[in-house]
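Novice: my questions are about this predicted structure, shown below with the sequence.
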Amino acid sequence: MADTDEISTTTRVPGTYVNYNFTNGSRTLATDDQYVVILAQRLDTGTVKALVPTDVYSSDEAAQYFGHGSQAHLMAAAAIRANSNIQLAICALDDDKAGVAATGALTLSGPATSSGQVRLQVGDKTVAVAVKNGSTANALLQSLHEAMAAEADLPVRATLDSPAGKGTTLILTAKNKGACGSEIGLSLTITATGVSGVLSPMAGGEGNPDVTLALTAIYSAGHTLIVMPYSTTDALSALSEHLGNVSGPIEQRGAVGVTGWNGTLATGTTLTTASNAARITTGWHPASVLSNGILAAVYAAIIAAEDDPSEPLDNAVLTGLDVTPQASWPMRTEMEKALHNGLSPFEVVNSKVQLTRAISNYVKNSQGIDDPTLLDINTIRTLDYVRKAWRTRMSQRFPNGGKLTDRRLLQIRSETLDVLYALERLEMVENVDTYKDQVAVTRNAQDDTRADTTIPAPVVRGLHILTGTIYLY
C-alpha cells in the first residue's frame, strides 16, 4: 500500500475515517530463496517441448517431461537426489540437427568355466547378468542386451551387431546426440572364469545445441543458479554474458552459473582462466564416470541447499557423485593449482565426495593482473543478497518513491543503515559502525528527480585457512 493518505481532503460527509498503512509493518530482511534452472537436452519421447522452462518436483516427472535417460532427466534426478528441497526448473534443448551420437562397444569371449556375473556400468547405473558354467559369449551378450532394454533410465541404447562370420558385438549409442554422449563413463566387471571382454569407451559424440536459445528463454524468469552441462569456451562465454546482463544494475536479478568438469587439470584450468567469469563456478571431479552435466547439477543443488550466501561450502558432501579410483584423486599441489586458476576441486574423503572450496572462474582483472577480490563464489552471492535486501526495504518503505526532499533523503539513509545493521547481525557484513559515515544519499547533479545512495558492503569472508605454530620449550 502506498505511504500516502487514501482519505481524500475533499471529503465533506461527516464521520471518522481510518486508513491502513503497511509501509512500516516489517523490519525483517528478504529471504534468499534459491531457484535453480538446468539447461539440458531432451528426447522426442518427452511431453514438454524445447525452450519451455518447466518446474520439476521429482525424477519421474523429469523422465515424463523430457524422456527417460535424457540428459535433462538424469541431471534433474541427480540434483533432486542431492537436495530434496530444491526449487528446480528445466529448460530443455533439442539435439543439434547436425549432432552425432557417441557410441561404445562390448565384445565377450567364452565359454564360461564357472558361474558368476557380467556387470556393465553405464554412468552411475549398473546392469548385471548371471553367468552359468558353459554360458557362451553370444548368449551372455544377448542377456545383457535384454537387461539393458529393461532399464529405461540408461543414457544409452543397446543393439546387437552380428556380422556374418564374426562374433556378436553389443553396440551402445548415446540417447542424446552431441559431445555429452562421449562423457558417459563405462566399466566392465566379470566374476566368472573363462569369460573375458573388450570394452570400447563412449566416443565420437559431436555437436552441442546452441545454449543461447535456452538462455533467451529463461531471461526474465529470475533463476538464481543456472546449471549448464557444456564446459566449452563458447558455452561459458555465452553463459557469462547472460549472467552479466541479468545480474547487472538494470535487470538486478543476481544469478550464478554452475558447470562441471571431469577431465584433466590442464584442460580444465585452460577453460576456466579463459572464462575468467566472476559469476561462474566450475566443479572438478577428475576421472568421474558421470558427465559434466550431472557433476554441475549436484554441485548446484548443494549450493542451493545453503540458505546463507556468505556461508563457506568447504567440505560439503556432494551426494550422489561417484568415488573415483584412488589413482585419479587430485594431489594437494593439483588442488592448489586448480584453486589458483578458477577451478573448484572435489575430493574423496571417507568414501564420500566433498567440495574442497567453491571459487569462481574469475582470476585476473581487466589489466591481466591476478585479482582475488571475487575468488570465492560466496562474495558475489552475498553482494547479490545485500542488494536484494536493500531494494526490498526501499520498496516497502517508499513504494511510490514520494517527494524528493531532504527529509526523504534522511529517511533513505536511516533505512539503509538499518538494513546494514540487520545484515551485520546475520554475519553477512561486518564493522558497519566503521563504514556508516560512507552511507550517503544525495541528489543527482544531472537529474533532479533522482537520488543516489552509497552503500558500503564490508562482506564477511569465509574462514578457509587456519594456521598455528607449536613452540617447543
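Specialist: That came through fine. Note that the coordinates shown come from a computational prediction; the quantities given were computed from them, not determined experimentally.
Novice: how near is A278 to E430?
Specialist: 21 Å (Cβ to Cβ, to the nearest Å). Where C-beta positions appear, they are placed from N, C-alpha and C, glycine not excepted.
Novice: more neighbours, those two?
Specialist: A278 (23 against 14; other Cβ atoms under 10 Å).
Novice: that one in helix, strand or coil?
Specialist: Recorded secondary structure, A278: coil (DSSP: H, G, I helix; E, B strand; the rest coil).
Novice: how much space between it and Q34?
Specialist: 18 Å.
Novice: cool, and S351?
Specialist: In this view, S351 and Q34 are 28 Å apart by Cβ to Cβ.
Novice: more neighbours, these two?
Specialist: Using other Cβ under 10 Å as the criterion, S351 and Q34 rank with Q34 on top: 23 against 6.
Novice: the residue nearest to the more buried one when sequence neighbours are not counted: neighbour count?
Specialist: Using Cβ to Cβ, 6 or more residues apart in numbering and skipping residues adjacent in sequence, the residue nearest Q34 is A304, 4.0 Å away. Per other Cβ under 10 Å, the neighbour tally for A304 reads 23.
Novice: need the phi and psi values for A304.
Specialist: Backbone torsions of A304, given as degrees, to the nearest 10, read phi -70, psi -20.
Novice: chain center to the helix or strand hosting D55: distance?
Specialist: According to DSSP states H and E, D55 maps onto strand 54-56. Mean-position distance between strand 54-56 and its chain equals 16 Å (Cα atoms, centre = their mean, to the nearest Å).
Novice: contact partners of the following helix or strand past that strand?
Specialist: Next in sequence after strand 54-56, counting helices and strands by DSSP H and E, comes helix 59-66. With contacts defined as Cβ atoms under 8 Å, 6 or more residues apart in numbering, helix 59-66 is touched by 40, 42-43, 46-48, 54, 56, 69-70, 72-73, 76-77, 80-81, 90, 92, 152-153.
Novice: now stretch 195-202
Specialist: So stretch 195-202 is in contact with 102-112, 116, 118, 120, 131, 135, 137, 140, 156, 172, 174, 181-188, 190, going by Cβ under 8 Å, 6+ apart.
Novice: just the buried residues out of the residues you listed, in ChimeraX syntax.
Specialist: Buried residues within the contacts of stretch 195-202, by 16 or more other Cβ atoms under 10 Å, are selected in ChimeraX with:
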select :102,103,104,105,106,107,108,110,111,112,116,118,120,131,135,137,140,156,172,174,181,182,183,184,185,186,190
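Novice: of the contacts of stretch 195-202, which belong to helices?
Specialist: Counted as lying in helices by DSSP state H, out of those, are 137, 140.
Novice: on that earlier part again, and the contacts of helix 59-66, which are buried?
Specialist: Using 16+ other Cβ under 10 Å, the buried ones in the contacts of helix 59-66 are 40, 42-43, 46, 48, 54, 56, 69-70, 72-73, 76-77, 80, 90, 92.
Novice: ok, back up a step: so for the strand holding D55, mean pLDDT?
Specialist: The average pLDDT within strand 54-56 is 97.
Novice: name the helices or strands packed onto it?
Specialist: The contact analysis (3 or more Cβ pairs under 8 Å, 6 or more residues apart in numbering; DSSP states H and E) places strand 54-56 against helix 59-66, strand 87-93.
Novice: nearest to G25 among the ones you listed would be which one?
Specialist: strand 87-93 (26.4 Å; Cβ to Cβ).
Novice: so what touches the closest one?
Specialist: Applying Cβ under 8 Å, 6+ apart, the contact partners of strand 87-93 are 33-42, 46, 48-57, 62, 65-66, 72, 75-76, 79-80, 209-211, 213-214, 217-218, 221, 223, 304.
Novice: one step back: T103 versus the residue nearest to Q34, what's the distance?
Specialist: Using Cβ to Cβ, A304 is found at 35 Å from T103.
Novice: quick one: contacts for N262?
Specialist: Counting by Cβ under 8 Å, 6+ apart, N262 touches 183, 284-288, 290-292, 295.
Novice: any idea which of the helices and strands packed on strand 54-56 is most buried?
Specialist: Among those, strand 87-93 has the highest mean neighbour count (mean count of other Cβ atoms under 10 Å), at a mean of 25.
Novice: which strands border that strand, and is each parallel or antiparallel?
Specialist: Strand pairing for strand 87-93, using DSSP bridges, gives strand 35-41 (parallel), strand 54-56 (antiparallel).
Novice: generate TSV for those strands, with distance to I470 as supplementary columns.
Specialist: Compiled in TSV, these are given as follows (distance: least, Cβ to Cβ, whole Å):
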stretch	distance to I470
strand 35-41	44
strand 54-56	52
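Novice: quick check: which of those is buried the most?
Specialist: Across these, averaging neighbours per residue (mean count of other Cβ under 10 Å) puts strand 35-41 on top, at a mean of 27.
Novice: and that one with helix 59-66, angle?
Specialist: Relative orientation of strand 35-41 versus helix 59-66 (axes from the mean of the first three to the mean of the last three Cα atoms, to 10 degrees): 50 degrees.
Novice: now do strand 35-41, average pLDDT.
Specialist: pLDDT averaged over strand 35-41 gives 97.
Novice: quick one: distance of that strand to the chain centre.
Specialist: In terms of Cα atoms, centre = their mean, the centre of strand 35-41 is set 8 Å apart from its chain centre.
Novice: what does stretch 464-473 give?
Specialist: So, by Cα atoms, centre = their mean, the centroid of stretch 464-473 is 36 Å from its chain's centroid.
Novice: in the stretch 351-473 of the chain, what spans have low per-residue confidence?
Specialist: Along the stretch 351-473 of the chain, the model assigns pLDDT under 70 to no residue.
Novice: the strands in it, which residues?
Specialist: Secondary structure of the stretch 351-473 of the chain (DSSP state E, counting those that start in this stretch): strands at 352-355, 440-443, 451-454.
Novice: mind putting these into JSON lines with mean neighbour count and distance to G401?
Specialist: Putting the strands of the stretch 351-473 of the chain into JSON lines (neighbours: other Cβ atoms under 10 Å; distance: least, Cβ to Cβ, whole Å) gives the following:
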{"stretch": "strand 352-355", "mean neighbour count": "19", "distance to G401": "43"}
{"stretch": "strand 440-443", "mean neighbour count": "14", "distance to G401": "13"}
{"stretch": "strand 451-454", "mean neighbour count": "13", "distance to G401": "9"}
